[in-house]
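Student: heads up, no residue letters with this:
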């Protein structure tokens, strides 16, 4: 049994009028920003930060720094396991589009950027926690991330993905505060200086099972490197404007969620260890509830266990065992 599941892709504009739908994963970073009294102001300020950063990085033929703006779409992926029309909300990512106000052209950006997944919430916030309860030493369960990795690759290889997106995804995450990063001499005109970690992280290993490689770069005037997860060749498969759309979007989100690292008042040096207790940082004028997000990750991991992992366990195990990557 090696049938592909049925994926349905939905998109919604992420702009200052965005309201999270009832079935959106509320741990999703952008959904967290779009709630509460400061909702519209949060969204407006976030989009302004993205546009300003984009124009600062795309400075050629852009004297006034206002040539471009970024439009964002939230891409939600539902998965039908049995072909019954009963879909489970599996993945949510962001897609960037670039508007060139000089030429009136709308340029396709990169899909991926932010990455949210119910099954990943289950793996990290339910399975991994349960596995290590009352254990003297932290360990990883057997086959940790295997199912999620195969589901993700199945989606990226699906007809639905190919019909909607012209290039493979790039996912951009924050660096790990438990690793030390060393700046290399390799410098890209847009991505900036490349950094290398002293050891592999659990996130790296998890994303490797999704088929993704990782490289770390610190763009010009950034405070810290970003982790870029990708298929293929990150430096040659994407244009400068495509890469800038991801940097400007995800660096803005990281300044909001991880100000201790990405809005630090001092930039990373040759040897860099991120510090979430760093007091020497600035806060954005954007309200974000970090504690709530951690709590919701556990709730949504349990939701995935109840509505996806347990009901379809035998089908998923058989499919995963036979799935050829």
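Tutor: That came through fine. This is a predicted model, so every value here is computed, not measured.
Student: Please count neighbours and contacts with C-alpha atoms only from this point.
Tutor: Will do.
Student: What's the end-to-end length of stretch 235-245?
Tutor: Terminal residues of stretch 235-245 lie 14 Å apart, using C-alpha to C-alpha, to the nearest Å.
Student: How about stretch 77-92?
Tutor: Stretch 77-92 end-to-end distance (C-alpha to C-alpha) = 6 Å.
Student: Now do the buried residues in that stretch.
Tutor: Across stretch 77-92, burial judged by 16 or more other C-alpha atoms under 10 Å covers 77, 78, 79, 80, 81, 87, 88, 89, 90, 91, 92.
Student: Which two of the residues you listed have the greatest separation?
Tutor: Farthest-apart pair in the buried residues of stretch 77-92 is 81 and 92; separation 17.4 Å (C-alpha to C-alpha).
Student: follow-up on the earlier one: turn the buried residues of stretch 77-92 into TSV, including pLDDT and secondary structure.
Tutor: As requested, those are exported to TSV (pLDDT from 0 to 100; DSSP: H, G, I helix; E, B strand; the rest coil):
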residue	pLDDT	secondary structure
77	94	strand
78	93	strand
79	93	strand
80	91	strand
81	89	coil
87	88	strand
88	89	strand
89	87	strand
90	88	strand
91	91	strand
92	91	strand
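Student: ok, residue 170 touching residue 230?
Tutor: Yes - counting by C-alpha atoms under 8 Å, residue 230 is a contact partner of residue 170 at 4.8 Å.
Student: Looking at the two, which is more packed in?
Tutor: Between residue 170 and residue 230, counting by other C-alpha atoms under 10 Å, residue 170 is the more crowded of the two (25 against 21).
Student: Show the contacting residues for that one.
Tutor: Applying C-alpha atoms under 8 Å, 6 or more residues apart in numbering to residue 170 gives the contacts 110, 111, 112, 113, 228, 229, 230, 231.
Student: so can I have CSV of these showing distance to residue 56, secondary structure and pLDDT?
Tutor: CSV is the format used below for the contacts of residue 170 (distance: C-alpha to C-alpha, whole Å; DSSP: H, G, I helix; E, B strand; the rest coil; pLDDT from 0 to 100):
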residue, distance to residue 56, secondary structure, pLDDT
110, 19, strand, 97
111, 22, strand, 97
112, 22, strand, 96
113, 19, strand, 95
228, 20, strand, 98
229, 23, strand, 98
230, 24, strand, 98
231, 27, coil, 97
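Student: now those in CSV, with distance to residue 154?
Tutor: Formatted as CSV, the contacts of residue 170 follow (distance: C-alpha to C-alpha, whole Å):
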residue, distance to residue 154
110, 19
111, 16
112, 15
113, 19
228, 21
229, 17
230, 15
231, 14
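Student: where do the strands sit along the stretch 151-300 of the chain?
Tutor: Listed in chain order, the strands of the stretch 151-300 of the chain (DSSP state E, counting those that start in this stretch) span 170-173, 181-188, 192-197, 213-218, 226-230, 271-272.
Student: Check the gap between the residue nearest to residue 246 when sequence neighbours are not counted and residue 40 for me.
Tutor: Among residues not flanking residue 246 along the chain, residue 113 sits closest, at 6.1 Å (C-alpha to C-alpha, 6 or more residues apart in numbering). Residue 113 is 22 Å from residue 40, where distance means C-alpha to C-alpha.
Student: How about residue 62?
Tutor: Taking C-alpha to C-alpha, one finds residue 62 at 29 Å from residue 40.
Student: So these two - more neighbours on which side?
Tutor: residue 40 (18 against 13).
Student: wait, that one sits on residue 15?
Tutor: No - shown here, residue 40 and residue 15 do not form a contact pair, counting by C-alpha under 8 Å, at 9.0 Å.
Student: how about the residue lying closest to residue 264 once chain neighbours are set aside, what does it touch?
Tutor: Using C-alpha to C-alpha, 6+ apart and skipping residues adjacent in sequence, the residue nearest residue 264 is residue 281, 4.0 Å away. Taking C-alpha under 8 Å, 6+ apart, we find residue 281 in contact with 259, 260, 261, 263, 264, 265.
Student: Only whichever of those residues are buried, select them in PyMOL.
Tutor: Buried residues among these (16+ other C-alpha under 10 Å), as a PyMOL selection:
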select buried, resi 259+260+261+263+264
